[in-house]
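Participant: Quick one, fold the following:
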Amino acid sequence: GATFAWFTDTASTGVNKIQAGNLDVQLVDENGNSLEGKTLEFKKAANAAEGEAVLWEPGCTYELPAVYVKNNGKLALKYKVAITGINGSAKLNEVIDWTINDADLSADHSLSAGATSEALTIKGHMKESAGNEYMNESIDGIAITVYATQDTVESDSFTNQYDKNAAYPVVNVTELKEALTNGGVVAVTKDIHTNNIEDTAAARIVISQPTTLNLEKKIITPDNMGNNNTNFCALIVDADTTINAGENGGIDTGVNGGYGINVRNGATLT
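Facilitator: Numbers count the residues shown, from 1 in each chain. Next up, the predicted model:
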């Protein structure tokens with residue numbers, strides 16, 4: 001037999017390190033000081049009597065001191081501002097219109113890495129149509145929350161549109177229901193409760209579009225469904241869904257029981 005040899009060779013080049021970006025948003029005052037854990041007070045008119053209480057009535061408008069959104073991260077972001085943490089009379093909040101710099105509070109804003117927004121002035125206007133049923137109602141625990149997610153700025157090897165569907169984090173049952181009507185990736189960043197809703201149909205959370213539900217170790221649960229819980233279900237799955245619960249996260253059935261998840265209409269749940 002004959003002996004064969006093959007010519008061989010190799011070539012290599014270095015590749016720059018892989019560095020993941022980060023998303024980091026902060027609320028600050030005009031001096032750049034963090035407002036985390038601070039309490040803002042509504043401003044009175046310049047000619048108001050000293051010590052005059054802030055009392056809401058139909059037609060009044062109160063504003064908060066200016067705040068700023070700071071992007072401390074390395075990635076551009078888009079954000080929106082919301083009024084959250086409402087305790088007491090949610091009914092009273094129904095007749096208060098909130099704006100930011102006189103525009104809709106839910107509008108999206110963009111902020112490049114390391115940048116700080118313009119001064120943001122949040123105002124609340126009590127509707128002139130508010131009737132006597134709102135007298136003596138009160139709200140406390142109000143907070144200003146900034147939701148941030150990736151923006152279509154940085155490019156990969158092909159385009160800057162890879163994160164065009166980036167969703168805002170979800171922190172309450174209203175936002176969750178709205179997000180699940182659109183589907184896609186939904187990230188829950190706080191435990192969500194249905195807050196003593198007696199109507200079982202209104203308390204149900206329905207996934208109607210293909211969804212990846214990232215619970216990030218959080219729990220979705222009804223607080224209390226009253227006395228008629230026999231047929232109650234916390235989550236209805238009507239479209240193909242993947243739930244990533246994380247450690248100790250998941251779907252609960254509430255203090256009065258019921259069952260957690262109902263998969264129907266041919267949907268698949270992973």
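
Participant: Strand partners (parallel or antiparallel) of whatever helix or strand Val206 lives in?
Facilitator: Counting by DSSP states H and E, the element that carries Val206 is strand 205-207. Each strand that pairs with strand 205-207, with its direction, by DSSP bridges: strand 233-237 (parallel).

Participant: Return the set of buried residues in the strand it pairs with.
Facilitator: When burial is assessed from 16 or more other CB atoms under 10 Å, strand 233-237 yields the following buried residues: 233-237. For every residue, glycine as well, the C-beta is placed using N, CA and C.

Participant: now do stretch 135-143
Facilitator: Counting neighbours by 16+ other CB under 10 Å, one finds that the buried residues in stretch 135-143 are 139, 142.

Participant: Off-centre distance for it?
Facilitator: Going by CA atoms, centre = their mean, to the nearest Å, the spacing between the C-alpha centre of stretch 135-143 and its chain's C-alpha centre is 21 Å.

Participant: end to end, how far does it reach?
Facilitator: 22 Å (CA to CA, to the nearest Å).

Participant: any chance of the buried residues of strand 233-237 in CSV, with pLDDT too?
Facilitator: Output for the buried residues of strand 233-237, formatted as CSV (pLDDT from 0 to 100):
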residue, pLDDT
Cys233, 68
Ala234, 74
Leu235, 82
Ile236, 86
Val237, 90
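
Participant: Kindly reformat those residues as TSV and extend each row with distance to Asp29.
Facilitator: TSV is the format used below for the buried residues of strand 233-237 (distance: CB to CB, whole Å):
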residue	distance to Asp29
Cys233	46
Ala234	41
Leu235	41
Ile236	44
Val237	44
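
Participant: in this structure, which spans are helices?
Facilitator: Read by DSSP state H, the chain holds these helices, from start to end of the chain: 90-93, 173-182, 200-203.

Participant: I'd assumed Asp238 was in contact with Arg204.
Facilitator: No: the criterion here is CB atoms under 8 Å, and Arg204 misses it with Asp238 at 11.0 Å.

Participant: Now do the contacts for the residue nearest to Asn244 when sequence neighbours are not counted.
Facilitator: Residue nearest to Asn244 in three dimensions, not counting chain neighbours: Asn214, with 4.9 Å by CB to CB, 6 or more residues apart in numbering. Taking CB atoms under 8 Å, 6 or more residues apart in numbering as the definition of contact, the neighbours of Asn214 are 185-188, 244, 246.

Participant: please redo it, this time with the cut-off set to 10 Å
Facilitator: Under the criterion of CB atoms under 10 Å, 6 or more residues apart in numbering, the contact partners of Asn214 comprise 167, 169-170, 185-189, 242-246, 249.
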